[in-house]
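**Q** quick one, structure for this:
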Amino acid sequence: MSFPDSLTGTFDGSAVTLNRTSVLGFSATYQSADGLATVVVSHDKKKRTRHHFKVTVTKSVSDPLVPANSAPVSVSSYTVVDVPLFGYSTADQIKIAAGQMSMLTASSNALLTKLIGNES
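**A** Take a look at the predicted model:
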């Protein structure tokens, strides 16, 4: 089973549709029409299995050294679920990953805000 042909994400306050632009082995890339948002979904199967979900958003900002010039900058956010080849069911893996995401986003993103603010 694969992800749908298009994904929708809300970045910077507005919903963005990302269409699948490539599939190669255990990897798929999705991109917004303007190319400013990209999602890469991939899986590595070696001694352990790693499931990756990466979001990258790019924008153009004023260059702090030469304000008349603009420069592209990007931010990426990754979710990686790293599991042994046996011992954890799919349901176990989902519970752990969902638990982590809910910890970060609970109380209006309180722990995520602390993480990005360099707190530990």
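
**Q** for the most far-flung residue of the chain relative to its centre, helix, strand, or coil?
**A** Relative to the centre of the chain, and counting by CA atoms, centre = their mean, the farthest-placed residue is A68 at 31.8 Å. Put simply, A68 is coil when judged by DSSP: H, G, I helix; E, B strand; the rest coil.

**Q** domain ranges for the chain?
**A** Following the assignment in automatic domain parsing, the chain carries domains at 6-86, 88-120.

**Q** and the shortest one, what's buried?
**A** Spelled out, it's domain 88-120. A97, L112 (16 or more other CB atoms under 10 Å). Every C-beta, even on glycine, is put in place using the N, C-alpha and C of the backbone.

**Q** and G13, what does it touch?
**A** If you count contacts by CB atoms under 8 Å, 6 or more residues apart in numbering, G13 has none.

**Q** please tell me how far K114 sits from L104.
**A** Distance, K114 to L104, by CB to CB, to the nearest Å: 9 Å.

**Q** do the same with Y88
**A** 21 Å.

**Q** could you do N69 as well?
**A** 36 Å.

**Q** before we move on, what about I96?
**A** For I96 relative to L104 (CB to CB), the value is 13 Å.

**Q** need the residues touching each of these two.
**A** Common neighbours of I96 and L104 (CB under 8 Å, 6+ apart) do not exist.

**Q** what about the strands in this structure?
**A** Under the criterion DSSP state E, the chain contains strands at 6-11, 14-24, 27-32, 37-45, 48-62, 70-84.
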